[in-house]
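*Asks:* below are the sequence and a predicted model; questions follow.
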2 protein chains.
Amino acid sequence: MHIRTIIRIVGILVALFSVTMLAPALVAYLYRDGAGLDFFSAFIICLILGLSLWFPNRTHNKELRAKEGFLIVVLFWTVLGSVGAIPFMLSAEPGMTMAEAFFESFSGLTTTGATVISGLDELPKAILFYRQMLQWLGGMGIIVLAVAILPILGIGGMQLFRAEIPGPVKDNKVAPRIAETAKTLWYIYLVLTIACALLLWLAGMNLFDAICHSFSTVAIGGFSTYDASIGHFNSSMINLIIVVFLMIAGVNFTLHFAAFANRGMRLSVYRMDPEVKAFIGVQLVLTLICMSVLMAHRVYADPWQALDQSLFQAVSISTTAGFSTTGFAEWPLFLPVLLMFASCIGGCAGSTGGGIKVVRIMLLNLQGIRELKRLIHPRAVYRIKLGNKALADRVVEAVWGFFAAYALVFVICMLALLATGMDELTAFTAVVATLNNLGPGLGEVAANFGATTDAAKWIMILAMLFGRLEIFTLLVLFTPAFWRS
Amino acid sequence: MHIRTIIRIVGILVALFSVTMLAPALVAYLYRDGAGLDFFSAFIICLILGLSLWFPNRTHNKELRAKEGFLIVVLFWTVLGSVGAIPFMLSAEPGMTMAEAFFESFSGLTTTGATVISGLDELPKAILFYRQMLQWLGGMGIIVLAVAILPILGIGGMQLFRAEIPGPVKDNKVAPRIAETAKTLWYIYLVLTIACALLLWLAGMNLFDAICHSFSTVAIGGFSTYDASIGHFNSSMINLIIVVFLMIAGVNFTLHFAAFANRGMRLSVYRMDPEVKAFIGVQLVLTLICMSVLMAHRVYADPWQALDQSLFQAVSISTTAGFSTTGFAEWPLFLPVLLMFASCIGGCAGSTGGGIKVVRIMLLNLQGIRELKRLIHPRAVYRIKLGNKALADRVVEAVWGFFAAYALVFVICMLALLATGMDELTAFTAVVATLNNLGPGLGEVAANFGATTDAAKWIMILAMLFGRLEIFTLLVLFTPAFWRS
Ligand SMILES: [K+]
Ligand SMILES: [K+]
């Protein structure tokens, strides 16, 4: 284990991250909201921390193996999550405890979007901007993680996508290849963010809100600058723009890469992808179910309003964004729980969405159908195919393993939350909300997570990390075999 | 599909089943409780029904294929479950609707043990006896299903046990082999029942209660003749006897067969079985956790009482018996939910217990560990072994498929119950209680299921069937491929 090389990389990461704190400091300056000094102090602290990790190890530059990749990835999220809590602890408003500050920071960076804050509308703009920025930066990390790193590490069947991105680097060095891929992906991500911000601004948001919400939309994060979330704007146009961009951000970024590479525009790439088809299908079915139930229960008088709300909530929850308009927690309980279960499916692999991922659910489904067929014709041989690509048994097994590990972590987190004294509905939905990086739950955590105990907050932070690191990346660090030799 | 042969077999089954109704009729005569005529009428109705199914098809006696086995098994449980509801509908006490009568009958026969009745203590003895007898008969069916039929059908990896029972029939005919196996198993089952009844009687139960509770103990059914269940007797000795017999009934009956075949007694058979070890381990860990939490919360003053209650509830819930002593629903919520999750593990394969079965959980666990090892050493080859037996990939895949199908049925049943207007805790635990053939839930269904709607009752009946038929046996009938050709 090249520990010093790893520390060097983490040091660089923290130093780079410190620079981003200057953005909210600038916002504080522009709005004269008084939070500027806090962010400048946070910048200095992080910079010193980063440099002091880097400096003693600056000459250590060993080629890292896949095994060390797990440690780097886990450190990336835990260290930045912890460092990201500093401004929340420094700032007088909203006045957070350590557990609250860590919760908010990890929730931002993992794009979970669960918040402990109520009274967002009165907070300094710099704090609001910082929360949204954390999600946006988290989203940048996730794309690279999901498109370039998890396939190399072979997490939960993602080796399926190992060779998909046609990067310009031809040799076998992993690091430069990841760096090249990252640049391209971030370019796409940036273009999407700008387009989303522009449209939101044209649809009536002020520029600050437009930028802030485009950050949390393309990251499928779900933080807002208002307690009422997107409901604050009360605009079907804004709802629709967010729905469209959530759908775009919920698709595998490898496809965006392929569709817009070389200044072309090949939309057939999307049409031919079985995961995209299933992803869109899920959203349509959920919208229809929501609309039917809402109409049957006469929750909305106007069918267009019912459609607007159904589409928005279905897409927002099932892609794991977690924005809300109306108090969807007050819909007939069947619907919120249905959408919560749908958030376990989540976005496509290689997107900023959370959950188990559409492609894995498709593989589970195909394998289930194969088992049924085998019962009827025990001697026949059936291959699992996705589109027209036959899958290696190893990929299928890895997906099974992922699902079982996901279920196990789910049950353990839920029991741990119950042990802190939480009620059942709250504990169940809190795990759904954090493990899937969704955001809001039901019960006590429908509006925000402020009322939960500190112990519960630390458990939920762990659940967010498990979700974002696709269970196995974190789980593998708990095995003795990982640390041997 | 040899439909007429199948109808002939079902006819014989119903006619045989009708004879069992004479037992509660006899009880009614002995206790002069006035329910005798109802059971005699039920006997006549069932007999006529059975004979009229059998008579027109009496000459049809084709050799059945495995595929037709699925249909026979499903018909066995649905037809007997329906016919078993007749006495409940005929009897003036407790005065049941059709949905209630079906619920009680299916709950008995599938050994679920969820009841819609409150006020058991005042019911005619014949009705009480009948409920217990339904569970006992259900247990007889389950052993044969689990030991002899599911392995042949290859449900959820149970082909693992295909050749284990060293039956005396050497040729390949399936039916005589199953018949021989069944006789041996029922002999063991009968001996266990008599032993359990004797001990309960010696421990202070009256003879009627001793027989009734031995029925529901060896069947891991959980019905009682009192609203307070085993708590009525308030005796640690009775608790302990029931715990011991639940553990025996929760072990694969193939092992009992092997241990006591040829008038010998080879206890090493149990010691060498990895599933038995894991099964006992689960009970011990759960008992310890319950005891620690109960002591920490000072629920019981006396440590011996805490141990007594912990052991009894841990074994009763996690083996899916569902007996209760104290209102375990009033324990700190963590414990009931923990035990509910443990009931998803359930008994060993080939036992009368419900749930996913210990051996399947072990295979999921081994496969999960293999995935973690593969992440660290991607090029190594790992075989999945149970004890010292390497497992075919096909078996492992079948277990994965089972787990995914179980999760899917769980989610669908829970959403369906929520759609009937049930609250979340009730719906969640009602599915755990019925799909695992456990019995009691929490929330509204902690004491009994009487307050649920008719729609909810039918959904839960389906869940009991799915659980008892190990998901796939029933699911396969919903595929078009099954009905083709
Ligand atoms: K989110
Ligand atoms: K039971």
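*Replies:* That came through fine. All figures in this text were calculated on a predicted structure; none of them were measured in a lab. Ligands and ions are numbered 1, 2, ... in the order given.
*Asks:* which residue is the nearest non-sequential neighbour of the residue nearest in space to the middle of chain A?
*Replies:* The centroid of chain A falls nearest to residue A:111 when counting by C-alpha atoms, centre = their mean (4.2 Å). Using C-beta to C-beta, 6 or more residues apart in numbering or on different chains and skipping the chain neighbours, the partner closest in space to residue A:111 is residue A:221 (4.1 Å). Quick note: C-beta positions are derived from backbone N, CA and C, even for glycine.
*Asks:* hang on, residue A:350 in a helix?
*Replies:* No - Residue A:350: not assigned to a helix; according to DSSP: H, G, I helix; E, B strand; the rest coil it is coil.
*Asks:* these two touch, right, it and residue A:142?
*Replies:* No - using C-beta atoms under 8 Å as the test, residue A:350 is too far from residue A:142 to be in contact (9.4 Å).
*Asks:* hmm, back to that, could you confirm the residue nearest to residue A:111 falls within a helix?
*Replies:* No - assessed with three-state DSSP, residue A:221 is coil; it does not lie in a helix.
*Asks:* so what's the residue count around it?
*Replies:* Residue A:221 has 34 neighbours, counted by other C-beta atoms under 10 Å in any protein chain shown.
*Asks:* roughly how far does it sit from residue A:199?
*Replies:* Applying C-beta to C-beta, to the nearest Å, the value for residue A:221 to residue A:199 is 18 Å.
*Asks:* can I assume residue A:57 is in contact with residue A:12?
*Replies:* No - contact between residue A:57 and residue A:12 fails when scored by C-beta under 8 Å: they sit 9.9 Å apart.
*Asks:* neighbour-wise, which of those two wins?
*Replies:* Counting neighbours by other C-beta under 10 Å for residue A:57 and for residue A:12 shows that residue A:57 has the greater number, 19 against 16.
*Asks:* which ones are touching that one?
*Replies:* By C-beta atoms under 8 Å, 6 or more residues apart in numbering or on different chains, the contact set of residue A:57 is A:4-5, A:7-8, A:11.
*Asks:* among these, the buried ones, what's the ChimeraX command?
*Replies:* ChimeraX command restricting these to the buried ones, with burial defined by 16 or more other C-beta atoms under 10 Å in any protein chain shown:
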select /A:5,7,8,11
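*Asks:* just put the contacts of residue A:57 in TSV and tack on pLDDT and secondary structure.
*Replies:* As requested, these are exported to TSV (pLDDT from 0 to 100; DSSP: H, G, I helix; E, B strand; the rest coil):
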residue	pLDDT	secondary structure
A:4	89	helix
A:5	89	helix
A:7	92	helix
A:8	92	helix
A:11	93	helix
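*Asks:* in a markdown table: the contacts of residue A:57, plus distance to ligand 2.
*Replies:* Formatted as a markdown table, the contacts of residue A:57 follow (distance: C-beta to the ion, whole Å):
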| residue | distance to ligand 2 |
| --- | --- |
| A:4 | 58 |
| A:5 | 57 |
| A:7 | 55 |
| A:8 | 59 |
| A:11 | 58 |
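*Asks:* so the nearest residue to residue A:250 once chain neighbours are set aside: helix, strand or coil?
*Replies:* The shortest distance from residue A:250 to any non-neighbouring residue, by C-beta to C-beta, 6+ apart, is to residue A:347 (3.9 Å). Three-state call for residue A:347 (three-state DSSP): coil.
*Asks:* need the contact list for residue A:347.
*Replies:* With C-beta under 8 Å, 6+ apart, residue A:347 has these contacts: A:220, A:249-251, A:279, A:319-320, A:353-355, A:357-358.
*Asks:* please repeat the previous calculation with a cut-off of 10 Å.
*Replies:* Each residue near residue A:347 by C-beta atoms under 10 Å, 6 or more residues apart in numbering or on different chains is listed here: A:142, A:146, A:220, A:246-247, A:249-252, A:275, A:279, A:318-321, A:353-358, A:436-437.
*Asks:* and if you look at residue A:205?
*Replies:* By C-beta under 10 Å, 6+ apart, the contact list for residue A:205 reads A:197, A:199, A:211-214, A:225, A:232-233, A:235, A:238, A:241.
*Asks:* can you name the residue of chain A nearest to ligand 2?
*Replies:* Ligand 2 sits closest to residue A:411 of chain A, with a gap of 20.9 Å, by C-beta to the ion.
*Asks:* who does the helix or strand containing that residue touch, helix- and strand-wise?
*Replies:* Assigned by DSSP states H and E, residue A:411 belongs to helix A:393-419. Packing partners of helix A:393-419 (3 or more C-beta pairs under 10 Å, 6 or more residues apart in numbering or on different chains; DSSP states H and E): helix A:358-376, helix A:424-435, helix A:454-468, helix A:472-475, helix B:334-345, helix B:358-376, helix B:393-419.
*Asks:* 6 Å instead?
*Replies:* helix A:358-376, helix A:424-435, helix A:454-468, helix B:334-345, helix B:358-376 (3 or more C-beta pairs under 6 Å, 6 or more residues apart in numbering or on different chains; DSSP states H and E).
*Asks:* adding distance to ligand 2, mean pLDDT and mean neighbour count, write those helices out as CSV.
*Replies:* Putting these into CSV (distance: least, C-beta to the ion, whole Å; pLDDT from 0 to 100; neighbours: other C-beta atoms under 10 Å in any protein chain shown) gives the following:
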stretch, distance to ligand 2, mean pLDDT, mean neighbour count
helix A:358-376, 26, 89, 20
helix A:424-435, 21, 93, 26
helix A:454-468, 32, 96, 23
helix B:334-345, 9, 93, 23
helix B:358-376, 16, 89, 21
